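Student: The sequence and its predicted three-dimensional model are supplied below.
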Amino acid sequence: MTKKLSFVVAVLLLASMVLAACQPQAAAPTAAPTEAPQPKLKVCQVTDVGGIDDKTFNATAWKGVQDAVKDFGVDGKFLESQQQTDYEKNINAFIEEKCDLIVTVGFLLGDATKAAAEANPDQKFAIIDFAYDPVLPNVLGLVFSVDQPSFMAGYLAAGMSKTGKVGTYGGIQIPVLEPFMTGFYMGAQAYNEKHGTSVQVLGWDPAAKTGLFTGNFESLDDGRRMAETLMDEGADIIFPVAGPCGLGSAAAIKERGGAYMIGVDTDMTVSSPEYTDILLTSVLKNMDKAVYDATKQVIDGTFKGGVYVSTLTNEGVGLASYHNLDSQVPAELKAEIDQLKADIRDGKVKTTP
């Protein structure tokens, strides 16, 4: 190559490099902006004085929150009330936390819930065992037709009694307990009418609205004394409607023998399996289902104040299986209980006076 040609090539090469350097550079790709994560919906439960692990009332409601945590990914929290003066304090603490739904557990929280709901109209509440009249637009009352399964339990108890006496007692005498005890009483009377028997129900007179009550829902000792009193009077099947007090009754019955117990609120053979051999059945008050459904309404945007009624028809209440005592319940009595359930659902049997 001649010197002249080499010089031309070098000039052209240098020019191409300069031109390339002057070309605008493509912008580096930028990451798409990330959306801020949506905060989880928060469901907060205020217990009554029985505590979160009472194995009946509060524990069953809390299971509904836990099921919603599992199925819907919500956050669940609870505050335990050690005494009734804690109700207002705990509710207000959850209002400060901006809970999406505050669930208050029990009739005794009715006044505190109403006051908080009226003072905070944008806060959603659900309350177990209370319905307001007139309705509060931000409160869903969760109520239960417990007279229906209690009627079945009374019929069963009368059919299983060997002594001709069955018994019941309550915790604090408040309106939500009476349907349990009255339903139980009326079920036993229905058995007597059908079979020509005269099984007595100790511990409750629905006409006079008088009976046996511990005055609390916590004392195992009081529950033990109630069971011993009823057994001393001849009752061989006992239906406590007193929260954890019933565990004291179960212990007394297991130790003495010669009697069975009917659990309340939850299936006690599941919550307290140590008493399975003395548990005839349990009257189920499916608060977990009601709390779960209330949470779902908040998630769906369909929540509104009013009343949610749990019945045999929507499976909000029921009677547990006979578990270990199944073989001791006569087939004919089982069939009568099954028919009774169908008749109650169809409105053919009245379970209240």
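Tutor: Cool, got the structure.
Student: Which stretches in this structure count as strands?
Tutor: Using DSSP state E, the strands of the chain run over residues 42-46, 75-79, 101-105, 124-128, 139-144, 165-170, 200-202, 204-205, 210-211, 237-241, 260-265, 279-285, 306-310, 317-319.
Student: What are the boundaries of the helices in the stretch 101-250 of the chain?
Tutor: 110-119, 147-160, 178-195, 220-232, 245-256 (DSSP state H, counting those that start in this stretch).
Student: Could I get the contacting residues of residue 243?
Tutor: 50, 54, 56-57, 171, 217-218, 264-265 (CB atoms under 8 Å, 6 or more residues apart in numbering). Placement of C-beta: from N, CA and C, glycine included.
Student: any chance of these in a markdown table, plus neighbour count?
Tutor: Output for the contacts of residue 243, formatted as a markdown table (neighbours: other CB atoms under 10 Å):
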| residue | neighbour count |
| --- | --- |
| 50 | 24 |
| 54 | 26 |
| 56 | 27 |
| 57 | 26 |
| 171 | 26 |
| 217 | 27 |
| 218 | 19 |
| 264 | 27 |
| 265 | 26 |
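Student: Domain ranges for this protein, per the record?
Tutor: Domain ranges of the chain: 42-144, 147-285+321-345, per automatic domain parsing.
Student: Using CSV, write out the CA atom coordinates for stretch 171-188.
Tutor: Coordinates of each C-alpha in stretch 171-188 appear next as CSV, following Å, rounded to 0.1, in the frame of the first residue of the first chain:
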residue,chain,number,x,y,z
GLY,A,171,-72.9,-18.3,85.2
ILE,A,172,-74.1,-14.8,85.6
GLN,A,173,-77.9,-14.5,85.1
ILE,A,174,-78.1,-12.5,81.9
PRO,A,175,-80.7,-12.7,79.1
VAL,A,176,-78.4,-14.6,76.7
LEU,A,177,-78.1,-17.6,79.1
GLU,A,178,-81.8,-18.1,79.7
PRO,A,179,-82.5,-19.6,76.2
PHE,A,180,-80.0,-22.3,76.8
MET,A,181,-81.6,-23.3,80.1
THR,A,182,-85.2,-22.8,78.9
GLY,A,183,-84.6,-24.8,75.7
PHE,A,184,-83.0,-27.6,77.8
TYR,A,185,-86.0,-27.6,80.2
MET,A,186,-88.6,-27.7,77.3
GLY,A,187,-86.7,-30.5,75.5
ALA,A,188,-87.0,-32.6,78.6
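Student: Give me the buried positions along that stretch.
Tutor: Neighbour counts over stretch 171-188 (16 or more other CB atoms under 10 Å) mark 171, 176-188 as buried.
Student: now the helices: where do they sit in the stretch 251-353 of the chain?
Tutor: For the stretch 251-353 of the chain, helices defined by DSSP H, counting those that start in this stretch occupy the ranges 268-271, 287-300, 331-345.
Student: Lovely, talk soon.
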